[in-house]
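> Got a predicted structure plus its sequence, pasted below:
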2 protein chains.
Amino acid sequence: MTTTRHTGSDEGRTEASARGNGQGAVPLSAQDSLGISSRTELRPIHQIGAELGLDEDLIEPYGRGVGKVDLAAIDRLADRPQAKYILVTAITPTPLGEGKTTTAVGLSQGMARTGRRAAVAVRQPSLGPTMGIKGGGTGGGWSQVVPMERLNLHLTGDIHAVTAAHNQLTAMVDNHLHRGSPSGLHPERVTWRRVMDVNDRSLRQIVSGLGPAGGGPTANGPVRQTGFDITAASEVMATLSLARSLEDLRARLGRIVVGTTGDGEPVTAEDIKAAGAMTVLLKEAIRPNLLQTVEHTPALVHCGPFGNIATGNSSVVADLIGGRATDYLITEAGFAADMGAERFFNIKCRISGLAPDAAVVVATVRALKVHSGRHRVVAGRPLPEGMLRESPEDVRTGAENLRAQLRIIRRHGVTPVVAVNAFPTDFPSEHEVIAQVAAEEGARCAVSTHFADGGAGAADLADAVAEAAEEPSEFRFLYSDEAPLVEKIETIATQVYGADGVDLSPAAAKDLAAYTEAGYGRLPVCVAKTHLSLSSDPKLVGAPSGWRLPVREVRLSAGAGFVYPICGTMQTMPGLGSSPAAESIDIDDDGNPRGLF
Amino acid sequence: MTTTRHTGSDEGRTEASARGNGQGAVPLSAQDSLGISSRTELRPIHQIGAELGLDEDLIEPYGRGVGKVDLAAIDRLADRPQAKYILVTAITPTPLGEGKTTTAVGLSQGMARTGRRAAVAVRQPSLGPTMGIKGGGTGGGWSQVVPMERLNLHLTGDIHAVTAAHNQLTAMVDNHLHRGSPSGLHPERVTWRRVMDVNDRSLRQIVSGLGPAGGGPTANGPVRQTGFDITAASEVMATLSLARSLEDLRARLGRIVVGTTGDGEPVTAEDIKAAGAMTVLLKEAIRPNLLQTVEHTPALVHCGPFGNIATGNSSVVADLIGGRATDYLITEAGFAADMGAERFFNIKCRISGLAPDAAVVVATVRALKVHSGRHRVVAGRPLPEGMLRESPEDVRTGAENLRAQLRIIRRHGVTPVVAVNAFPTDFPSEHEVIAQVAAEEGARCAVSTHFADGGAGAADLADAVAEAAEEPSEFRFLYSDEAPLVEKIETIATQVYGADGVDLSPAAAKDLAAYTEAGYGRLPVCVAKTHLSLSSDPKLVGAPSGWRLPVREVRLSAGAGFVYPICGTMQTMPGLGSSPAAESIDIDDDGNPRGLF
């Protein structure tokens, strides 16, 4: 019996913690990812930059094999032709993840192996989950970004900078209240919380400002009920990932709404006079990090917004640079096509102005079997025996999910390609069914063994993607800026999720009216729902029909630039399991880390 | 009338916030420090490293003009002669600070100007106060470390790494309790809090773990009363600053006590299985940062432990490297000689094995006038008119404080040198008095204009220090490891502070007995008292006599390796003033920061 790491049940529900190497069950153990990384001889980062046509002055080295790319690169490269822009998305994943990141990295390596210039743009992993369930990872095996220990720890400090900027605003909000709230911000209407990049359930709900009250130097206060989210869930992270430039970031940060007055008027970070300091704190963090894959192809690693309540996409600026710096820019969006890809198309591309040429939908036999409704996997528990038996029937039944995800891609005018992320436990008959389903949907399909074989294992996939990208792109947004917010939600619910319609709670209807009234009606929407189903019920597998999307409330990310309807329970601060990965992380006798994987 | 920045009264009480450029009242405005920094052409950091005899492979660049030095340098340089080791300390400062950092930096530049090889080792500034009262600063004017904006923001992320390691332990402590506390750790006897590098009074006292209780995945808890300190006050920061190597750091982190069982048995980070992960999180942070002064001499910037409740000294490893890498290693200790220097001698040097050759005591006319008892300065208020009038008498009266601080240096067998940090508002007659007092105490004295004139202004000081360092060092600790803890406290109180004796509260006596019983009796002590007086009463200026040191309680930093008696109210989380510096910090039209100074 193949087992996966035993952990508690407390973690598997968030993008940040569910993201894994997508090969939890293969004999090449996860531990080997660190081994492969540490045995990889890093090329000087300027050499990697040169492959992107980036002049040496545009890359500031931050430790061996890591550089930060100056945003001046955007202008410097403006005359270069636009790269083919390839999105990597997936079918609805199991809680173990289906290997989107390894596939994206492997595909970029595969492009190089087949004689094409390519780069991959991915998110930076979050420290909390690294110490929690997963021990790290941006890719894995022979398709990973290195140096993985830097990548999985602090990298160049971008996430820490987001934490600092977010909490600087909170401190200024509380200080503003402490000093009599000149803006009129109402203490009980503050919605801005704090963030920390750690899995810490004890911080989800706190009361702050206890102790001596009053106006003197030893006074604390104001007493408020508040809490912490993980930094990936910070609106500052979402804002950083969507900003087009430092100036744009400055403007967006100023628009962040921290709460309202007693009359319901929004109070912004600009009103609190915090947006300038926040921008200065993020001055380095807005520059994408340049690293390399184990096969020395370029990797832009930048930002890590939560996939549930935010876009789950890496940064706009990384794609603006990468989009002119190579021939194929491969980027990944969090979770399945109904989640990350939909936001990629309708939010990220709306801001960046970039148009995708093809979208890879990663599928695994494991997840398709789960979508048959006949099997269930639980993070931290052994895979059920029945799932490891040859069963093309289960795969075909579960492939309804794949079909739905492919149609979501098509609906945006983009050409899909199915990538079968092959596991050693798969059977050829099962891969054959996936190929048949892809053909029935008119999509190219390739089996990829990039985890075990690196870029060579992704050569077929690279060829398929390159072909798909040659088809004329008919990329389109699913809704216009002008459409009313409720119509945007309905469009996504019916055309993407397959719902029959939307049920707004009275609170949600009130929220939408208030945001429209306050001038936020032109923003796109980022629906916060479970990533474990096309529907809003995580237990419904396959392609659920005959259901309606319930919207409990609607929140505003005015800085990032979207509203997000809440459909279900969204956990924005993970907890630690019964045996956190951190307990096994240590240094060895040579001072090298172990336990990251 | 000369004015200083107006801020609230909430910040001036901590080392982190009181540290300034020591020239708050000079016409060369503080804003110019950023201007000088940004006009300084940075030399490549390998070139600065080469001046220290550090091979290129030992310095990893982290952005332009910043490098991290591999600890392998300690062994690599082992055969090199030991540098003269110069401490920069001060008289009891006003809340404005008296310019120790500018003097240390200026002195290192002065050494170079007078044909000597020198380097300076200083602490990294804390982000909270940078955004709070002071807008940043490691040195200022023409005696500062550059690039100042990097230095004052995240630098290489060391402080963030300390935050992450500290809070990782807290999350694991709460998770340990959540899972039934296998170690027996008692929920109400947890002493380990959380940290954040921000001035945020609302976090001083919180209740965490609110919300749904129980054992399931959505449960929070345990509900506990706890709080946050600023990261500089973290025991992890103190531990990092005192570790001799990565292995030593690993062992020290394991010894951190997070609380006790119901029976009072200490529970450690090792028991919580967190020390390995904490070490991995600090793997980069233990490597000192190499920067340069505005005159391109080497500056090692590393760690920033709080000066009230910890050592207030930069790291042991930076001094172990710098001590073999140059001819004069100049380092700074927080606050006055009774505070930072005493800890430098009895704690830091005890661990490092290094022996100082001379100690510079920085004095200002401004502070000596305050020590006359005839004037009072308040951070954020205009200097009183009377203080700006020529008054050698006030200076002579106040010089009792200088005499006491010089004697503290002598008592440790070290040769003192008085550095007059000259202000444009000083009168020659006032400087003359300081020189007379120094002569009466048998100490060399030099006037230094390093803030306005850079190293050239510190040439006389450099000559005086070089002469002093030639005298044979008779460095000695004030107490032995074997002395009982209470005797160590009495020694410091009477021989350093000039107290008549120590008054232990019953709680303090019980603490000392418990620590001794638990095997911590050999540790040195780090007395937590006000830095604004030689006594424990911040209102007593000069050299107070006829008083006794009241010890309210005694705490343990088992990881850092000291016990700290609490004498007075120690604020370990600053607040923001009525007009925080952050409100003025922003980017300009070219995207460059303004408002740091």
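Looks like it came in fine. Keep in mind that what you see is a predicted model, and the values were worked out from it rather than measured.
> tell me the contacts of the residue sitting nearest the centre point of chain A?
Centroid-nearest residue in chain A, with Cα atoms, centre = their mean: residue A:312, separated by 2.7 Å. By Cβ atoms under 8 Å, 6 or more residues apart in numbering or on different chains, the residues touching residue A:312 are A:15, A:123, A:305, A:306, A:333, A:334, A:335, A:339, A:340, A:343. In this view, the C-beta of every residue, glycine as well, is placed from N, C-alpha and C.
> Quick check: the farthest pair among these?
A:123 and A:339 (13.7 Å; Cβ to Cβ).
> So which residues on the stretch 451-597 of chain A come close to chain B?
Applying Cβ under 8 Å from any Cβ of the partner chain, we find that the stretch 451-597 of chain A lies next to chain B at A:569, A:571, A:575-576, A:578, A:580, A:582-587, A:591, A:593, A:595-596.
> Show the buried residues in those residues.
Among those, those classed as buried by neighbour count (16 or more other Cβ atoms under 10 Å in any protein chain shown) are A:571, A:575-576, A:580, A:582-587, A:591, A:593, A:595-596.
> and the two most separated of the residues you listed?
A:571 and A:591 (36.0 Å).
> Outline the domain layout of chain A.
Chain A breaks down by automatic domain parsing into domains covering A:15-157+A:285-470, A:160-196+A:211-281, A:485-566.
> Tell me which of the ones you listed lies nearest to residue B:252.
Short answer: domain A:15-157+A:285-470, nearest of these by Cβ to Cβ, at 19.7 Å.
> Which pLDDT value goes with the single nearest residue of the stretch 451-597 of chain A relative to chain B?
Per Cβ to the nearest Cβ, residue A:586 is where the stretch 451-597 of chain A lies closest to chain B, at 2.8 Å. pLDDT for residue A:586: 95.
> For the closest residue to it other than its chain neighbours, which three-state class applies?
The shortest distance from residue A:586 to any non-neighbouring residue, by Cβ to Cβ, 6 or more residues apart in numbering or on different chains, is to residue B:276 (2.8 Å). Per DSSP: H, G, I helix; E, B strand; the rest coil, the local secondary structure of residue B:276 is helix.
> and residue B:276, how many residues sit next to it?
23 (other Cβ atoms under 10 Å in any protein chain shown).
> From what I see, it and residue B:250 are in contact.
Yes. Between residue B:276 and residue B:250 there is a contact under Cβ atoms under 8 Å: 7.2 Å.
> what touches both of the two?
With Cβ under 8 Å, 6+ apart, residue B:276 and residue B:250 have common neighbours A:586, A:587.
> Can you show me the helices along the stretch 51-200 of chain A?
Listed in chain order, the helices of the stretch 51-200 of chain A (DSSP state H, counting those that start in this stretch) span A:72-76, A:100-113, A:127-129, A:148-152, A:158-178.
> Run through the neighbouring helices and strands of the shortest one.
When contacts are defined as 3 or more Cβ pairs under 8 Å, 6 or more residues apart in numbering or on different chains; DSSP states H and E, helix A:127-129 sits against helix A:15-18.
> tell me which element the residue in the stretch 301-450 of chain A positioned nearest to chain B falls in.
Using Cβ to the nearest Cβ, the single residue of the stretch 301-450 of chain A nearest to chain B is residue A:379, 10.8 Å away. If you go by DSSP states H and E, residue A:379 is not part of any helix or strand.
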